[in-house]
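S.K.: fold the stuff below for me.
(one chain, ligands or ions: 1)
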Amino acid sequence: MANTPVKTEVPPSALGLTLDDWIEWAESKKQPKFRAKQIVEWLYQKRVRSFDEMTNLSQDLREQLSEQFSLGFLPVARATGSQDTTRKFLFRLDDGRFIETVRIPANANFDGDRSGRITLCVSSQVGCAYACKFCASGLAGFTRNLEVGEIVSQVVSVEHETGEPIRNIVFMGMGEPLANLSRLNKALEILNSDWGMNIGARHMTVSTSGLAPQIEKLAEIPRQIRLAISLHGATDEVRDQIMPINKKYPIDRLFEALETWGRYKKQMITFEYILIKGVNDSPDDAAELARRAKKLHAKVNLIPYNTVDGLEWKRPDEDEQDAFLAVLLKANVTATLRREKGHDIDAACGQLRLQEETAEGIIETVF
Ligand code: SAH
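M.R.: This is a model prediction of the structure:
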């Protein structure tokens with residue numbers, strides 16, 4: 001059956017190892033430590049396409065590497081969009097599953113940034129277990145965590161496909177990154193380290209639906225990464241309706257974790273807040289959101305809801321969106337309303353939904 005994921009014997013990706021892992025590997029092969037440096041240089045600076053190109057390693061060592069590891073480039077099953085627009089890559093994983101990675105040009109990116117940088121929206125899991133009522137990613141349920149190499153490789157592979165360096169990453173693709181925390185941590189190390197992808201910690205945003213204990217754990221890692229909270233409701237009443245995670249970690253528990261975060265990290269926290277008609281878009285909701293944002297000195301990204309096939313939710317009218325924003329601004333909260341790019345582009349992050357596998361094994365995705 002074309003749509004049954006194929007189990008293959010592909011070895012693990014070399015992109016999933018940290019420098020320390022490579023040192024351990026080199027030592028296990030009775031090699032000097034500096035081999036580890038040589039290997040990561042081939043992988044991340046020189047971007048070799050085969051272990052054979054690692055010419056300062058012995059033939060024997062290169063053979064051992066290629067027996068134990070794959071180079072980890074992800075094959076593109078499909079790409080849509082162009083250089084200037086949001087571009088979506090559908091990558092095929094070794095087990096036949098698919099993930100989507102979205103490249104967002106500067107004029108359309110997460111913070112309305114106009115500095116000419118490109119942001120990559122990266123997936124952390126195949127599917128999602130958190131079942132937010134408005135989100136397409138969770139509709140098909142959870143399949144599995146991504147491996148470290150599969151996370152890093154989304155960045156390496158998109159750079160390879162486009163020839164442009166990625167300087168910003170948001171973990172807003174499919175999945176809940178904090179439910180895959182140990183692998184996320186390792187991926188962040190590889191992406192951030194100067195021996196690896198060398199992407200500034202401040203240019204990496206982890207987005208979560210609100211896994212409070214994991215936020216506290218992530219706060220302790222010594223990197224000044226950014227945190228975005230998919231809040232979408234400023235009261236338990238609203239959040240309980242649309243985000244099942246709120247039953248486990250109600251809003252006060254979540255905010256306790258955010259205060260912990262604030263003690264470790266310098267950057268402002270971002271609240272993502274989808275405006276959903278009749279659910280969370282009243283002036284009272286705005287006032288409560290303003291109160292909560294001020295308390296934490298957080299900024300707010302308002303995102304008019306993007307309709308998802310099969311779901312009933314709708315975005316409020318533009319004047320209601322403006323009125324909601326006005327309440328926040330009047331309360332001196334830093335807030336933006338991302339509207340100008342329309343449904344297709346705004347929808348780029350977070351609504352990845354694997355809809356169906358075709359006879360070729362390609363998955364249709366909707367944004
Ligand atoms: N699980 C993490 C990472 C996914 S980020 C998290 O929840 O933060 C995906 C972002 O897109 C989240 O803020 C999510 O709430 C948002 N999103 C999901 N469905 C959406 C929709 N239909 N319209 C607009 N934003 C949506």
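S.K.: spell out which residues of the stretch 101-250 of the chain are next to the ligand.
M.R.: Those residues of the stretch 101-250 of the chain that sit near the ligand, judged by C-beta under 6 Å from any ligand atom, are 132, 134, 135, 172, 176, 207, 208, 209, 230. Every C-beta, even on glycine, is put in place using the N, C-alpha and C of the backbone.
S.K.: surely the fourth one meets residue 205?
M.R.: Yes. With contact defined as C-beta atoms under 8 Å, residue 172 counts as touching residue 205 (7.5 Å).
S.K.: which of these two has more neighbours?
M.R.: Just comparing residue 172 and residue 205: by other C-beta atoms under 10 Å the higher neighbour count belongs to residue 172, 28 against 21.
S.K.: for the stretch 151-300 of the chain, which segments count as helices?
M.R.: Using DSSP state H, counting those that start in this stretch, the helices assigned to the stretch 151-300 of the chain run over residues 181-192, 212-219, 236-242, 245-248, 251-264, 283-296.
S.K.: between helix 283-296 and the fifth one, find me the angle.
M.R.: The one in question is helix 251-264. With axes from the mean of the first three to the mean of the last three C-alpha atoms, to 10 degrees as the basis, helix 251-264 and helix 283-296 are set at 30 degrees to each other.
S.K.: now for helix 251-264, which elements pack on it?
M.R.: helix 212-219, strand 226-230, helix 283-296 (3 or more C-beta pairs under 8 Å, 6 or more residues apart in numbering; DSSP states H and E).
S.K.: and residue 235, how many neighbours?
M.R.: Residue 235 - counted by other C-beta under 10 Å - has 17 other residues nearby.
S.K.: gap between the nearest residue to it once chain neighbours are set aside and residue 297?
M.R.: Using C-beta to C-beta, 6 or more residues apart in numbering and skipping the chain neighbours, the partner closest in space to residue 235 is residue 288 (5.8 Å). Look at residue 288 and residue 297: by C-beta to C-beta, to the nearest Å, they are 16 Å apart.
S.K.: next: residue 52.
M.R.: 53 Å.
S.K.: what residues does residue 51 make contact with?
M.R.: By C-beta atoms under 8 Å, 6 or more residues apart in numbering, the contact list for residue 51 reads 62, 63, 65, 66, 69, 71.
S.K.: farthest pair in those residues?
M.R.: Spatial extent of the contacts of residue 51 (C-beta to C-beta) is set by the pair 63 and 71 at 14.2 Å.
S.K.: quick one: which of these two has more around it?
M.R.: The residue with more neighbours, out of residue 63 and residue 71, is residue 71; 21 against 13, by other C-beta under 10 Å.
S.K.: how far away is the residue nearest to the more buried one when sequence neighbours are not counted from residue 178?
M.R.: Among residues not flanking residue 71 along the chain, residue 14 sits closest, at 5.9 Å (C-beta to C-beta, 6+ apart). According to C-beta to C-beta, residue 14 stands 26 Å off from residue 178.
S.K.: can I assume residue 85 sits in a helix?
M.R.: No. Assessed with DSSP: H, G, I helix; E, B strand; the rest coil, residue 85 is coil; it does not lie in a helix.
S.K.: now it: phi and psi?
M.R.: Note on residue 85: backbone dihedrals following degrees, to the nearest 10 are phi -120, psi 180.
S.K.: correct me, but it touches residue 106?
M.R.: No. Contact criterion C-beta under 8 Å: residue 85 and residue 106 do not qualify, at 11.8 Å.
S.K.: can I get the helices and strands packed on helix 251-264 in TSV with distance to residue 76?
M.R.: What follows is the helices and strands packed on helix 251-264, written out as TSV (distance: least, C-beta to C-beta, whole Å):
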stretch	distance to residue 76
helix 212-219	30
strand 226-230	27
helix 283-296	39
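S.K.: got a markdown table for the ones you listed, with mean pLDDT and mean neighbour count too?
M.R.: Output for the helices and strands packed on helix 251-264, formatted as a markdown table (pLDDT from 0 to 100; neighbours: other C-beta atoms under 10 Å):
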| stretch | mean pLDDT | mean neighbour count |
| --- | --- | --- |
| helix 212-219 | 98 | 19 |
| strand 226-230 | 97 | 22 |
| helix 283-296 | 97 | 18 |
